[in-house]
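Participant: Provided below for reference: sequence and predicted model.
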Amino acid sequence: MADSDRLKDYHELVLHLNALYDEVAGVEFYEELFPDNENTGDYYTDYSHPNAIYLYRDNVIGVDGLKYEKQRRRIMLNDTWGEDYLEYVVGNPLALCSGLSYRKRANTLANAQRMHALILDLDAVNDGHLRNLLETRFGAPPERGRSLPQPTFLVASGTGLHVYYQLDEPLDLYPATKEQAKALKHDFTFKLWDWKSTTALEKPQYQSINQAFRMVGSVNGKYGNVIRAFRTGDAVSLETLNSYVQDPSHRINVREHRLQSRTPIETARKKWPTWYQERVVAGKQPEHQKWDIAGKVHGRDPYALYHWWIRQAHAIQGGHRYFFMLCMVAYARKCDVPYATLKDDMRKVFDYLKNIEHLNPLTEHDMQSALKSWRKDFYNLRLDDIEKLTGIHIKRNKRNGRNRADHIKLMNFIRDELNDHKNTWREGNGRKPKRELVKAWRAEHPAGRKIDCQRETGLSRPTILKWWDD
């Protein structure tokens, strides 16, 4: 689709939303989402005041005197937010913020402490798609197919819509809660993305709950559109979100996760001092056990799984390019591929992926952002998540939950039962013994030479020498 068509769709969306709803300015928008940010100079060691963190693009001067674009991270503080918004967000070509607040100073999923809003992304939306969403999807009863709750805000993102469900009470993000929130978001994403009805793109694009989105008041760097927000409903309860999910395993069970932590913190400090020092004082997260993939690879290539993933680049479609690179880093970590090797391979893959057509260009920043995910816990990215993020189906080994050793025992037992526990199943299987090939050739060529046997049979010289006089 041409840039002029994208601009036309954007302006029609804004006109439609402006006719129905009140527009919300950027400062008030984020003050409402994150009312409990710290003030300048505050420092809570008990993590009782997590903060929103946003990213913005800045121009920096390099050692060579040239100007370069750099993505910077900044905490959203209550007492300076108005000034900071004007300086770092308004008109910025890439200002990003998620719906979560974080302990510490980095907006990683490990540091995410509370969810203030569930945000869904829908690309390639025109006025007809918006009408379908407003008339048949948003606010429809939960039992109706592919219905969704009424959003709190709809944001015109420049190429589509960002759908915000502001929670009436922020959700504390325990590890298990993060998993269930991700499942709920994937469920909602599937309902939201309906080709031709709600979007011009065929396949949905699944994202983490930690995904950051273009900020209200910033601009889309490619099209120059201002990101604008409109209030379309009230804050929603967790119960309302859960009521729109059919699969119980995709719902968020807050009570279940709160019951996991019944021990008062002072009691825990006395009973488990080492745990308290590492987890509460130092804020260290537990490390997941890493599978020994390289040690179990058959053949000469210890990075076979990583190289297999690189070969899947041909199947990637436009909206999944960044996530393919992200998963490439995960496979590199799984297989213990050196970082220098990953960087070289990533450059080649990037040069291929950037030529895949999509409404948003793949940039050098996207590649560098993917490489930044090189961290210890990323090797545990699961196959289900990889499939959703990249749109690539990964064939499983059909062991029905058994490990490899138990599966082999079962298969051998079935084979022996089918053959009455006799070894006759081996007859006629496998390669013919080289001895028989040499013997047969010599019978036909009594005066033949070893070199002639090698040429005509294709056997190696050591094999012919081994069986020549047998």
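Facilitator: That came in fine, so what should we check first?

Participant: count of residues packed around Trp193?
Facilitator: Neighbours of Trp193 under the rule other Cβ atoms under 10 Å: 22. To be clear about C-beta, it is placed using only N, CA and C from the backbone, and glycine gets the same treatment.

Participant: Same check on the one 10 residues further on?
Facilitator: Here the count is done by other Cβ under 10 Å, and Lys203 has 13 residues near it.

Participant: Residue ranges in the stretch 201-350 of the chain under the pLDDT threshold?
Facilitator: When residues are selected by pLDDT under 70, those of the stretch 201-350 of the chain lie in 255-263, 265, 280, 282-299.

Participant: which residues in it form helices?
Facilitator: 238-243, 254-258, 265-271, 273-275, 304-311, 321-334, 339-353 (DSSP state H, counting those that start in this stretch).

Participant: Can you tell me which of those helices is packed in deepest?
Facilitator: Highest mean neighbour count of these: helix 321-334, a mean of 23 (counted as mean count of other Cβ atoms under 10 Å).

Participant: Send me that helix as PDB with only the CA atoms.
Facilitator: The C-alpha trace of helix 321-334 is given here as PDB (Å, rounded to 0.1, in the frame of the first residue of the first chain):
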ATOM      1  CA  ARG A 321      10.900  -9.800  11.000                       C
ATOM      2  CA  TYR A 322      12.000  -8.200  14.300                       C
ATOM      3  CA  PHE A 323      10.800 -11.200  16.300                       C
ATOM      4  CA  PHE A 324      12.700 -13.600  14.000                       C
ATOM      5  CA  MET A 325      15.900 -11.800  14.900                       C
ATOM      6  CA  LEU A 326      14.900 -11.800  18.600                       C
ATOM      7  CA  CYS A 327      14.400 -15.600  18.500                       C
ATOM      8  CA  MET A 328      17.700 -15.900  16.600                       C
ATOM      9  CA  VAL A 329      19.400 -14.500  19.700                       C
ATOM     10  CA  ALA A 330      17.500 -17.000  21.800                       C
ATOM     11  CA  TYR A 331      18.700 -19.900  19.600                       C
ATOM     12  CA  ALA A 332      22.200 -18.600  19.800                       C
ATOM     13  CA  ARG A 333      22.000 -18.600  23.600                       C
ATOM     14  CA  LYS A 334      20.500 -22.100  23.600                       C
END
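
Participant: helices and strands around it, which ones?
Facilitator: The contact analysis (3 or more Cβ pairs under 8 Å, 6 or more residues apart in numbering; DSSP states H and E) places helix 321-334 against helix 304-311, helix 339-353, helix 364-371, helix 383-390.

Participant: distance between that helix and the chain's centre?
Facilitator: Centroid separation for helix 321-334 versus its chain: 9 Å, with Cα atoms, centre = their mean, to the nearest Å.

Participant: now do stretch 456-470
Facilitator: Using Cα atoms, centre = their mean, the offset of stretch 456-470 from its chain centre is 55 Å.

Participant: what about Leu359, which SS state?
Facilitator: Assigned with DSSP: H, G, I helix; E, B strand; the rest coil, Leu359 falls in the coil class.

Participant: Identify the residues contacting it.
Facilitator: Taking Cβ atoms under 8 Å, 6 or more residues apart in numbering, we find Leu359 in contact with 1, 6, 123-124, 159, 318.

Participant: Try it again at 10 Å.
Facilitator: 1, 3, 5-6, 123-124, 158-160, 200-201, 222-223, 318-319 (Cβ atoms under 10 Å, 6 or more residues apart in numbering).

Participant: and if you look at Phe190?
Facilitator: With Cβ under 10 Å, 6+ apart, Phe190 has these contacts: 146, 204, 206, 388.

Participant: Can I get the helices and strands packed on helix 321-334 in JSON lines including distance to Leu410?
Facilitator: Listed next are the helices and strands packed on helix 321-334 as JSON lines, based on distance: least, Cβ to Cβ, whole Å:
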{"stretch": "helix 304-311", "distance to Leu410": "25"}
{"stretch": "helix 339-353", "distance to Leu410": "38"}
{"stretch": "helix 364-371", "distance to Leu410": "40"}
{"stretch": "helix 383-390", "distance to Leu410": "23"}
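
Participant: about what we covered before: which one, of the helices of the stretch 201-350 of the chain, ends up nearest to Trp441?
Facilitator: Smallest distance to Trp441 across those (Cβ to Cβ): 37.1 Å, for helix 304-311.

Participant: Quick one: residues in contact with the closest one.
Facilitator: Outside helix 304-311, the residues that reach it (Cβ under 10 Å, 6+ apart) are 293-294, 296-298, 301, 303, 324, 327-328, 330-337, 341-342, 345-346, 348-349, 352, 386, 390, 392, 394.

Participant: Just the contacts of Leu359: which are in strands?
Facilitator: 123, 160 (DSSP state E).

Participant: Would you mind writing the PyMOL command to select the buried ones in the contacts of Leu359?
Facilitator: To isolate the buried ones among these in PyMOL, judged by 16 or more other Cβ atoms under 10 Å, type:
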select buried, resi 6+123+124+158+159+160+200+201+318+319
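
Participant: Please identify which of the contacts of Leu359 is nearest to Ser243.
Facilitator: Closest to Ser243, out of all of those and judged by Cβ to Cβ, is Gly160, at 26.0 Å.
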